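Student: here's a sequence, model it:
(2 chains)
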Number of protein chains: 2
Amino acid sequence: MVQIPNTPRSVPTSADVARLAGVSRATVSYVLNNTSAVRISEPTRRRVHQAAKELGYVPHAAARSLRAGHSRMVLMPAPAVPVGPLYSQFISDLQSALGRLDYTVVQYGSVGLHGDEAARAWAELRPVAVLVPGSGLGPQGVTVLKRSGARAVVTVGPECVEGAHAVQMDHSAVGFSAARHLYERGRRRIGVVVPAEGGLEVFSGPRLDGVRRALAGTDATVTELPLAYEEEAAARLAARWRERGLDAVFAYNDEYAMLLMRALQDEGLDVPADTAVIGADDLMLGRLLRPRLSTVHIELPSGRDLAELVDRAVRDPAAVPTTHKVLGASVVHRDSS
Amino acid sequence: MVQIPNTPRSVPTSADVARLAGVSRATVSYVLNNTSAVRISEPTRRRVHQAAKELGYVPHAAARSLRAGHSRMVLMPAPAVPVGPLYSQFISDLQSALGRLDYTVVQYGSVGLHGDEAARAWAELRPVAVLVPGSGLGPQGVTVLKRSGARAVVTVGPECVEGAHAVQMDHSAVGFSAARHLYERGRRRIGVVVPAEGGLEVFSGPRLDGVRRALAGTDATVTELPLAYEEEAAARLAARWRERGLDAVFAYNDEYAMLLMRALQDEGLDVPADTAVIGADDLMLGRLLRPRLSTVHIELPSGRDLAELVDRAVRDPAAVPTTHKVLGASVVHRDSS
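Tutor: The predicted structure is shown next:
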């Protein structure tokens, strides 16, 4: 049961805790912030914790970060587009790993903010590190963040930004692997799905480039296929499939592949005899389709590796920004290609 | 180009801005915080903004919230389990709506923290409101949050917690609708998938209760079917299907329905002739399956309605906590049932 202090609705302060425990405010601060520089006896420590508990006192992170000059907060802008299961698992692992290193991950809703304007909003929270997935942050934004006290700015995505550490995910490797696979299976007229949904260009662009790179100098052709994630759009694309004469498609990912494969089958086309289909992400749903969907398995960096990179960057804020190329891509060949 | 102040790596303060603009610190504060109570000429306003820009100054949210006593931060613990597309769209809409009401949504990684311990961690950030999805917060946690200055605590989920406003999502309605549909289609031996994955009990429990409620007093039987989201587990369940004599299954949601339907078909069972299958969530993938998957469409509250509820609660912190029952459930009948 929480004991009500003298003024019922007031917020208890460290002074209240000090009074109840019969110690100084400095002692309260030492104990509750776990300062190792000052020796405090176990009974005193217990008395302070007991008093804080009775009063329902919680330290003020803002006040503490003002005193310390920075927080243990790692700020991550929340992605503006709904994310898939692969990425959502990655974020969850990363949060756990940073938590074990005693950081607090705060995801900041950046909807409606863009580029350096967003960076200014993030800077207001005075995070010790900023981990930016996707793209949009410019060198100016990095400067704003560092000037506000962020010790590390780390981008995770296809691009590098001046002044920030980069965990560079080269999505062209995904397209490259898919195209090589289709070519080796004898396919020559290869379509590439480009999602019409906004926000996915940072992934779809490099994937298409990877396909072009894999097929450059061969006798294969590459056809861009814009596609919205809707049944009607897929049906329209499938209706014109035969006249285009395509014999294979890299469908961006497994979800678009499922959508398009259904439309092609409904149109009477045989997968893979008439058209080979390959997705990406290696989701469970691809194994449940008939024919079983071939896919590109994407190896993201482990949450632990990334957390350790952030921690090293925080400990050495003067270090020259580094670029770490991550993301493995390997084809999982099933029945659709 | 950002101009470097005298001490290159120091963080610029509002005093620096005041000096450069030739105004008082109070004026800087009025201008940058958009205080309407004080009239400041347009040229002065411009000079302050210009100086802040040149110096790369950003206000310190923590300092501002210390002065104001609270922030405009709405804290939302990040869900501990990876969330589906339906929920992820809902969160994204909610963030936009709160943004338009001038709140900042901060998602706090609560991995590894439980119940009232988590509430204490959230309280340290001194949010003006806390919006808790799912379950786990107790009345003690609500007290801690309010004592730390949160003006509103709102839970969104199946449960109500003393002291907090509740947006109550009654998931039993989902199971109820599914079971009524199967019963009306002539099915009597009804299985209910209960995901083995942790964290989903708050949804699967009420859904199962809803099925039982719908079939109470009828000649139908209800069989609980624990199922992990893995092909092998689904195959094992399907292998024993005939001996159990089930003629219908409510498969928890569309993703589990896809998994189980594939396993039943691989086992040679005809859907729906031998066994009717119905999912929930009304995802695109259900329309792409053959037979097309019947499902329960779930109507979540709009992000805007929920944002306005939070705003009203913040404006009137002394109000008696209210309970809003939301979540509509309606069957979408396709070919699998």
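Student: distance from stretch A:166-176 to the middle of the chain?
Tutor: How far stretch A:166-176 lies from its chain's middle: 14 Å, per Cα atoms, centre = their mean, to the nearest Å.
Student: so what touches that stretch?
Tutor: Residues from elsewhere that reach stretch A:166-176 (Cβ atoms under 8 Å, 6 or more residues apart in numbering or on different chains): A:154-160, A:192, A:202-203, A:206-214, A:250, A:280, A:296, A:298, A:300-301, A:306, A:309, A:321-329. C-beta here means a position set from N, CA and C on the backbone, and glycine is covered the same way.
Student: let's see that with 7 Å instead.
Tutor: A:154-158, A:160, A:203, A:206-211, A:213-214, A:250, A:280, A:296, A:298, A:301, A:306, A:309, A:323-327, A:329 (Cβ atoms under 7 Å, 6 or more residues apart in numbering or on different chains).
Student: now do the buried residues in it.
Tutor: Of all the residues in stretch A:166-176, those buried under the rule 16 or more other Cβ atoms under 10 Å in any protein chain shown are A:166-169, A:171-176.
Student: contact residues of the stretch 151-300 of chain A facing chain B?
Tutor: Proximity of the stretch 151-300 of chain A to chain B (Cβ under 7 Å from any Cβ of the partner chain) is limited to residues A:231, A:258-259, A:262, A:285, A:287-288.
Student: pull out the buried members of these.
Tutor: Buried subset of those (neighbour count, 16+ other Cβ under 10 Å): A:258-259, A:262, A:285, A:287-288.
Student: spatially central residue for chain A, please.
Tutor: Geometric centre of chain A, nearest residue: residue A:133, 4.9 Å, by Cα atoms, centre = their mean.
Student: where's that residue relative to chain B, distance?
Tutor: Distance of residue A:133 to chain B, given as Cβ to the nearest Cβ, to the nearest Å: 13 Å.
Student: packing partners for the helix or strand encompassing residue A:265?
Tutor: According to DSSP states H and E, residue A:265 maps onto helix A:254-266. Applying 3 or more Cβ pairs under 7 Å, 6 or more residues apart in numbering or on different chains; DSSP states H and E, we find helix A:254-266 packed against strand A:189-195, helix A:231-239, strand A:276-278, helix A:284-288, helix B:284-288.
Student: tell me which of the buried ones among the residues of the stretch 151-300 of chain A next to chain B has the lowest pLDDT.
Tutor: Least confident of those in the model: residue A:285, at 93.
Student: residues contacting it?
Tutor: A:254, A:258, B:258, B:285.
Student: how about residue A:207?
Tutor: Listed by Cβ under 7 Å, 6+ apart, the contact set of residue A:207 reads A:171-172, A:174-175, A:252.
Student: and which of the residues you listed is nearest residue A:220?
Tutor: residue A:175 (13.2 Å; Cβ to Cβ).
Student: may I see the buried ones among the residues of the stretch 151-300 of chain A next to chain B organised as a markdown table, with distance to residue B:107 added?
Tutor: A markdown table is the format used below for these (distance: Cβ to Cβ, whole Å):
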| residue | distance to residue B:107 |
| --- | --- |
| A:258 | 29 |
| A:259 | 30 |
| A:262 | 34 |
| A:285 | 27 |
| A:287 | 31 |
| A:288 | 31 |
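Student: what sits against the residue nearest to residue A:310 when sequence neighbours are not counted?
Tutor: Among residues not flanking residue A:310 along the chain, residue A:129 sits closest, at 5.4 Å (Cβ to Cβ, 6 or more residues apart in numbering or on different chains). Counting by Cβ under 7 Å, 6+ apart, residue A:129 touches A:74, A:150-152, A:154, A:310, A:313-314.
Student: top of those residues by neighbour count?
Tutor: Neighbour count (other Cβ atoms under 10 Å in any protein chain shown) singles out residue A:74 as the most crowded of the contacts of residue A:129, with 28 neighbours.
Student: which ones are touching that one?
Tutor: Applying Cβ under 7 Å, 6+ apart to residue A:74 gives the contacts A:98, A:103-105, A:127-129, A:131, A:310.
Student: out of those, name the ones that lie in helices.
Tutor: Using DSSP state H, A:98, A:310 are the members of the contacts of residue A:74 that sit in helices.
Student: quick one: which of the contacts of residue A:74 is nearest to residue B:24?
Tutor: Ranked by distance to residue B:24 (Cβ to Cβ), the contacts of residue A:74 are led by residue A:127 at 29.7 Å.
Student: burial count for that closest one?
Tutor: 29.
Student: in CSV: the buried residues of stretch A:166-176, plus distance to residue A:39, secondary structure and pLDDT.
Tutor: Formatted as CSV, the buried residues of stretch A:166-176 follow (distance: Cβ to Cβ, whole Å; DSSP: H, G, I helix; E, B strand; the rest coil; pLDDT from 0 to 100):
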residue, distance to residue A:39, secondary structure, pLDDT
A:166, 43, strand, 90
A:167, 41, strand, 87
A:168, 47, strand, 85
A:169, 48, strand, 81
A:171, 54, coil, 88
A:172, 57, helix, 93
A:173, 55, helix, 94
A:174, 56, helix, 95
A:175, 60, helix, 97
A:176, 60, helix, 97
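Student: what is the nearest of the contacts of residue A:74 to chain B?
Tutor: Nearest to chain B among those: residue A:105, at 3.7 Å, using Cβ to the nearest Cβ.
Student: list the contacts of that closest one.
Tutor: By Cβ under 7 Å, 6+ apart, the residues touching residue A:105 are A:74, A:76, A:95, A:98, B:109.
Student: send me the strand or helix carrying the second one as PDB with only the CA atoms.
Tutor: Following DSSP H and E, one finds residue A:76 within strand A:73-78. What follows is strand A:73-78, C-alpha atoms only, in PDB (Å, rounded to 0.1, in the frame of the first residue of the first chain):
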ATOM      1  CA  MET A  73      18.300   7.000 -23.800                       C
ATOM      2  CA  VAL A  74      18.800   5.600 -27.300                       C
ATOM      3  CA  LEU A  75      16.300   7.300 -29.500                       C
ATOM      4  CA  MET A  76      14.900   5.500 -32.500                       C
ATOM      5  CA  PRO A  77      12.500   7.200 -34.800                       C
ATOM      6  CA  ALA A  78       9.500   4.900 -35.300                       C
END
